[in-house]
Structure formats: C-alpha cells, structure tokens
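Undergrad: this one's sequence-less:
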C-alpha cells in the first residue's frame, strides 16, 4: 500500500540539486522509515529536465550534474524504502486529462504526479501551491495533500 507520494522536489536533493527544505538531509530518511513512500517515475524524467535547464549555460556543471543524476538514480532504484508507482494506466490518464481540460493545469509532470496520487488514494507531499488549491477545491479531483513544513511536524 502506498501511503505517501512525493513530488519531484523531494528527489532533487538526491541528484545534487538544492531545494532549501528545512532539515531535509536529517528528516528525509525518517520519512522513509515512518511512511510507505513512493514516487512517480515521471519525477525521474522531470528531475533530469530540471537539471538540464539549470545547467544550460555551463557545460562543465552540466557534465558534473549528469554524472550526479546517474549516481542519484542508482541510489533511488536501490533504496528499498522508496518505491516507484505505476507509470500510467487508463485511470491515471483520465484524471490527468480532467486536470488539463477542466482545471487548466498545463504542467504535464504535475498532472501525472497528481493523478497518480489520486489513483493510489495516497497523500501527495508537495510544495506546489497550484496543486494544493486543486486538491482542496475541485470536486471529483480532490486528494489528500501536505507540505514539507507540515510533514516535519510529524517527523520531529
């Protein structure tokens, strides 16, 4: 059973990208110990996309970050406490399409992560305010949602 799905933000530090989350290095392992945590495989693609965008103008940094991505990916795939969700299925796609057509959520990665969370009836851990608003206000598309600051209260 998947209890908590983490947004891409929480994978980025594993690839060497700083995200400024309070006590992340100390509390993320506890999160994995205390919850049944999963990520959407879409987040792995989004993370690489972010790395490529951040390093667009610096080829040396890009080379280092791409190497770091491979190391991080190996670590994520080997971490038994962190599971991958199903990439997609008709129900996930149906919700993702509703998010696009009925709500206007343009970010494909966000739509897939959100709809995967709904499919698994899990809680989404995210910093994305647009997703938070959708989760609370859109009948038929609501999900359980939380942020890092709320989560660290449970972990501290």
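TA: Okay, I see it. The structure presented is a predicted model; accordingly, all values stated were derived computationally and were not measured.
Undergrad: ranges for the strands of the protein?
TA: According to DSSP state E, the chain carries its strands in the segments 4-6, 37-39, 82-84, 123-125, 144-146.
Undergrad: Just put those in a markdown table and tack on mean pLDDT.
TA: Converted to a markdown table, the strands of the chain look like this (pLDDT from 0 to 100):
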| stretch | mean pLDDT |
| --- | --- |
| strand 4-6 | 98 |
| strand 37-39 | 98 |
| strand 82-84 | 98 |
| strand 123-125 | 98 |
| strand 144-146 | 97 |
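Undergrad: And the ones you listed: which comes nearest residue 93?
TA: The minimum distance between residue 93 and those falls on strand 4-6, with 16.6 Å, by CB to CB. (C-beta placed from N, C-alpha, C; glycine too.)
Undergrad: Quick one, which of the strands of the chain gets closest to residue 62.
TA: Closest to residue 62 of the strands of the chain, according to CB to CB: strand 37-39, at 23.6 Å.
Undergrad: Could you tell me which other helices and strands the closest one packs against?
TA: Other helices and strands packing on strand 37-39, by 3 or more CB pairs under 8 Å, 6 or more residues apart in numbering; DSSP states H and E, are strand 4-6, strand 82-84.
Undergrad: Point out the most buried one among the ones you listed.
TA: strand 4-6 (a mean of 26; mean count of other CB atoms under 10 Å).
Undergrad: Identify the residues contacting it?
TA: 31, 35-40, 43, 85, 113, 116-117, 120, 122-126 (CB atoms under 8 Å, 6 or more residues apart in numbering).
Undergrad: Pairing partners for that strand, with directions?
TA: Strands that pair with strand 4-6, judged by DSSP bridges, come out as strand 37-39 (parallel), strand 123-125 (parallel).
Undergrad: Can you list the neighbours in contact with the first one?
TA: Think strand 37-39. For strand 37-39, using CB under 8 Å, 6+ apart, the contacting residues are 2-6, 8, 10-11, 31, 76, 81-85, 120, 122.
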